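Novice: coordinates only, sequence not included:
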């Protein structure tokens, strides 16, 4: 596939996403800004490329995205290698995010899970624990959301089955969310 065709495919997927999910995305923005204004935090997590995107998003909030401003309370659950490997080794890889949610989350916080398939066992378990703790739950997934579809308050499912296209739209959504959070907290 030529890069021109990839760009056309990407544009179509982005357009289709916003036709179908713009209202949900706006609700996610409003909810997240509201929770941050109330003093809550965002816990973000995912595997592989999604782990890198979770770290990227948290860094944009803690440091800055477009504006120099006070830090925003965001924590990527993908960065503490000692905790991740200890939990995976001693308990189960399925528990690497849920254990951290048990440790760090409070009622009212926001859980933001990334999974291109929507079926990552550790993201699913984390969302179940997040709900039990009274957190707002949001998932960024691929087409139809997989098992996460029925486990989160807000599903942002990219209408594609192509992992690279899904991840590309996820980073767009995370950048837009970071921008809107900065604007909403001014």
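Specialist: Yes, it's here. Not measured: the values here are computed from a predicted model.

Novice: Show me the strands in the chain, by range?
Specialist: Here the chain has its strands, by DSSP state E, at 42-46, 74-76, 110-115, 136-141, 154-157.

Novice: Output these in JSON lines, with distance to residue 126 appended to each entry.
Specialist: (Glycine included, C-beta is placed from N, CA and C.) Formatted as JSON lines, the strands of the chain follow (distance: least, Cβ to Cβ, whole Å):
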{"stretch": "strand 42-46", "distance to residue 126": "6"}
{"stretch": "strand 74-76", "distance to residue 126": "13"}
{"stretch": "strand 110-115", "distance to residue 126": "6"}
{"stretch": "strand 136-141", "distance to residue 126": "9"}
{"stretch": "strand 154-157", "distance to residue 126": "15"}
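
Novice: So which of these is nearest residue 82?
Specialist: Checking the strands of the chain against residue 82 by Cβ to Cβ gives strand 74-76 as the closest, at 14.6 Å.

Novice: partners of the closest one in the sheet?
Specialist: strand 42-46 (parallel) (DSSP bridges).

Novice: Residues in contact with the strand it pairs with: which ones?
Specialist: 32, 35-36, 51, 53-54, 57-58, 61, 72-78, 97, 100-101, 104-105, 109-115, 120, 123, 126, 130, 135 (Cβ atoms under 8 Å, 6 or more residues apart in numbering).

Novice: Are any of those residues buried, and if so which?
Specialist: 32, 35-36, 51, 53-54, 57-58, 61, 72-78, 97, 100-101, 105, 109-115, 120, 123, 126, 130, 135 (16 or more other Cβ atoms under 10 Å).

Novice: Which of those fall within helices?
Specialist: Counted as lying in helices by DSSP state H, out of the buried ones among the contacts of strand 42-46, are 32, 35-36, 51, 53-54, 57-58, 61, 100-101, 123, 126, 130.

Novice: Would you format these as CSV with distance to residue 84 included?
Specialist: As requested, these are exported to CSV (distance: Cβ to Cβ, whole Å):
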residue, distance to residue 84
32, 25
35, 25
36, 26
51, 9
53, 16
54, 12
57, 18
58, 15
61, 21
100, 9
101, 13
123, 14
126, 13
130, 18
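
Novice: Quick one: those residues as TSV, columns for distance to residue 11 and pLDDT too.
Specialist: Formatted as TSV, those follow (distance: Cβ to Cβ, whole Å; pLDDT from 0 to 100):
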residue	distance to residue 11	pLDDT
32	26	98
35	32	98
36	31	98
51	27	97
53	20	98
54	25	98
57	23	98
58	28	98
61	27	98
100	36	98
101	36	98
123	28	98
126	32	98
130	33	98
